[in-house]
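Trainee: What follows is a predicted structure for the sequence shown.
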Amino acid sequence: MKKLLAILGFILVMITCSARIYRDTYHFKLKEVFLSSGKLPKGEMLSVLQISDLHDHVFGPDNKQLIRTVKQADPDLIVLTGDLIDRKTTSFSNVLSLIDQLIAINKHIYFVPGNHEWGNNRTNAFLSSLYARGITILANRNVQLTKRGLTVNLAGTDDPATERDNLDDAFCGLTSSHYTILLAHAPEIVTIADSIPADLILSGHTHGGQVRFPFIGALVAPGQGVYPKLDKGTYQLGPEQYVYIDSGLGTTRLPIRFLNQSQLSLVTITGKPEISFEQPD
């Protein structure tokens with residue numbers, strides 16, 4: 001009887017884990033993050049939708065589920081923080097179809113390359129396809145944008161994981177009095193530089209460890225090795241300065257996620273008194 005119960009228990013655990021893996025890998029969530037800054041007038045708000053580490057994954061027919069979520073979020077701008085494709089991707093049709101649908105929702109879309117873009121044999125063709133569609137590629141450059149009378153700086157580095165980043169170029173000419181967001185695929189950018197003149201850094205790359213365990217979190221993350229310190233979520237770097245790491249939508253190497261559901265993020269910055277919190281997972 002004990003042996004039978006042990007076998008049944010093992011089968012139950014395997015079924016539960018398999019169901020969780022399927023859910024976390026093939027069904028995404030919208031993660032909401034709330035921050036504030038004294039650089040924004042009280043009562044003003046800026047919403048940024050972050051999509052990261054898609055790795056050519058498709059959620060439902062032609063990513064319609066993903067598009068529906070973006071429409072409902074209704075962000076001020078959309079940022080794509082790298083690895084939309086995988087280094088093994090040979091056809092860009094899935095990703096470009098998604099891009100076309102995103103453009104139909106919001107023209108303000110900004111992209112920085114990740115290590116998988118640079119690891120793909122057709123990198124230039126992919127970047128050219130984004131550029132032709134009007135996507136702003138912030139590879140070591142910046143733009144200034146105004147929404148509802150609110151002016152913000154948006155800078156981007158080329159991929160830090162492949163040592164293509166140049167912070168001096170990324171911030172060249174920017175005025176620090178405006179709220180400043182930096183897009184950098186790999187969060188290690190905060191350990192490379194002594195200081196970064198940005199109020200918020202948006203990164204991906206880690207996949208949140210892709211597979212996580214209770215009480216431990218991520219076992220490994222690219223660029224950080226075992227027990228990474230910067231794996232997912234919000235980290236405060238200084239007074240009103242944060243790095244937010246989105247754990248992404250896709251997978252690489254092992255095509256599974258566990259206790260780390262696929263996600264895109266809606267980051268909302270307000271001019272309210274200083275406060276920072278996230279919705280519980």
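Mentor: That came through, no problem.
Trainee: secondary structure class for the closest residue to L230 other than its chain neighbours?
Mentor: Distances taken as C-beta to C-beta, 6 or more residues apart in numbering place P187 nearest to L230, at 4.5 Å, with adjacent residues excluded. Where you see a C-beta, it was placed from the backbone N, CA and C, and this is true even at glycine. Following DSSP: H, G, I helix; E, B strand; the rest coil, we place P187 in the coil state.
Trainee: Let's verify R23: helix, strand, or coil?
Mentor: Following three-state DSSP, we place R23 in the helix state.
Trainee: Now do it, the pLDDT please.
Mentor: Listed pLDDT for R23 reads 96.
Trainee: Spit out the contact partners of the residue nearest to L230.
Mentor: Taking C-beta atoms under 8 Å, 6 or more residues apart in numbering as the criterion, P187 is in contact with 201, 203, 205-206, 230, 243, 245.
Trainee: Likewise for R257?
Mentor: So R257 contacts 21, 24-25, 207, 210-211, 251 (C-beta under 8 Å, 6+ apart).
Trainee: go with 7 Å
Mentor: By C-beta atoms under 7 Å, 6 or more residues apart in numbering, R257 lies in contact with 21, 24-25, 210-211, 251.
Trainee: cool, and V33?
Mentor: Contacts of V33 by C-beta under 7 Å, 6+ apart are 234, 244, 265, 267, 278.
Trainee: Show me which of these are buried.
Mentor: Taking 16 or more other C-beta atoms under 10 Å as the criterion, what is buried in the contacts of V33 is 234, 244, 265, 267.
Trainee: List the buried residues of stretch 164-184.
Mentor: 164-165, 167, 170-171, 174, 178-184.
Trainee: of the contacts of R257, buried ones?
Mentor: Using 16+ other C-beta under 10 Å as the burial test, these include 21, 24-25, 210-211, 251 as buried.
Trainee: which one of those residues sits closest to I85?
Mentor: T251 (13.2 Å; C-beta to C-beta).
Trainee: Surely N153 is in contact with S176?
Mentor: No. Using C-beta atoms under 7 Å, N153 makes no contact with S176, being 8.2 Å away.
Trainee: Inside strands: which ones of the contacts of V33?
Mentor: Taking DSSP state E as the definition of strands, these contribute 234, 244, 265, 267, 278.
Trainee: Kindly indicate which of those residues lies nearest Q72.
Mentor: Nearest member of these to Q72, counting by C-beta to C-beta, is S265, at 14.1 Å.
Trainee: can you give me the helices for the stretch 51-200 of the chain?
Mentor: Remark: helices assigned in the stretch 51-200 of the chain by DSSP state H, counting those that start in this stretch are 64-73, 93-105, 115-119, 123-132, 167-170, 189-192.
Trainee: Now those in JSON lines, please, with extra columns for mean pLDDT and distance to I15.
Mentor: JSON lines is the format used below for those (pLDDT from 0 to 100; distance: least, C-beta to C-beta, whole Å):
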{"stretch": "helix 64-73", "mean pLDDT": "97", "distance to I15": "25"}
{"stretch": "helix 93-105", "mean pLDDT": "98", "distance to I15": "31"}
{"stretch": "helix 115-119", "mean pLDDT": "97", "distance to I15": "33"}
{"stretch": "helix 123-132", "mean pLDDT": "97", "distance to I15": "40"}
{"stretch": "helix 167-170", "mean pLDDT": "97", "distance to I15": "48"}
{"stretch": "helix 189-192", "mean pLDDT": "92", "distance to I15": "41"}
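Trainee: okay, these in CSV with distance to A139 next?
Mentor: Listed next are these as CSV, based on distance: least, C-beta to C-beta, whole Å:
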stretch, distance to A139
helix 64-73, 24
helix 93-105, 17
helix 115-119, 10
helix 123-132, 8
helix 167-170, 9
helix 189-192, 13
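Trainee: Can you tell me which of these is most buried?
Mentor: Among the helices of the stretch 51-200 of the chain, ranked by average contacts under mean count of other C-beta atoms under 10 Å, first place goes to helix 115-119 (a mean of 22).
Trainee: Just the residues contacting that helix, thanks.
Mentor: Here helix 115-119 makes contact (C-beta under 7 Å, 6+ apart) with 55, 82-83, 85-87, 123, 126, 159, 161-162, 185.
Trainee: Any stretches of the stretch 151-281 of the chain with poor pLDDT?
Mentor: Applying pLDDT under 70 to the stretch 151-281 of the chain picks out residues 272-281.
Trainee: do you know how far the residue nearest to L230 is from G173?
Mentor: Here P187 is placed at a distance of 25 Å from G173 (C-beta to C-beta, to the nearest Å).
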